[in-house]
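# Kindly return the folded structure for what I paste below:
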Amino acid sequence: MNYHMLMRAVGGHLYFARELKTSLRSIYQWAVNGLPKKYSTRLKIIDAIERAEIDPKIKQACLDWAKDPNN
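Numbers count the residues shown, from 1 in each chain. Now for the predicted structure:
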């Protein structure tokens, strides 16, 4: 799993921008900087993935990747 796979799995950048109520620009920055390290933001990302209507196996892979502090 990586940033690009995560975006494809949930339906794109716009999904996270809407769910996190943030700009598309900040979502695109994840490709450069990795997922935000701030704990509250990381929890919002995890919640957004959990709400996504995607295959359970793919969802679990996305969650595992998002929960890894190295990403």
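# ok, how many other residues are close to the residue nearest to residue 10 when sequence neighbours are not counted?
Closest residue to residue 10 apart from its sequence neighbours, by Cβ to Cβ, 6 or more residues apart in numbering: residue 52 at 4.6 Å. C-beta coordinates here come from the backbone N, C-alpha and C atoms, glycine included. When neighbours are counted by other Cβ atoms under 10 Å, residue 52 registers 19.
# Isn't residue 52 up against residue 6?
No: taking contacts as Cβ atoms under 8 Å, residue 52 lies outside contact range of residue 6: 10.0 Å.
# quick one: common contacting residues for those two?
residue 62 (Cβ atoms under 8 Å, 6 or more residues apart in numbering).
# quick one on the thing from earlier: which ones are touching the residue nearest to residue 10?
Residue 52 touches 9-11, 15, 59, 62, counting by Cβ under 8 Å, 6+ apart.
# what separates it from residue 43, distance-wise?
Distance of residue 52 to residue 43, computed by Cβ to Cβ, to the nearest Å: 15 Å.
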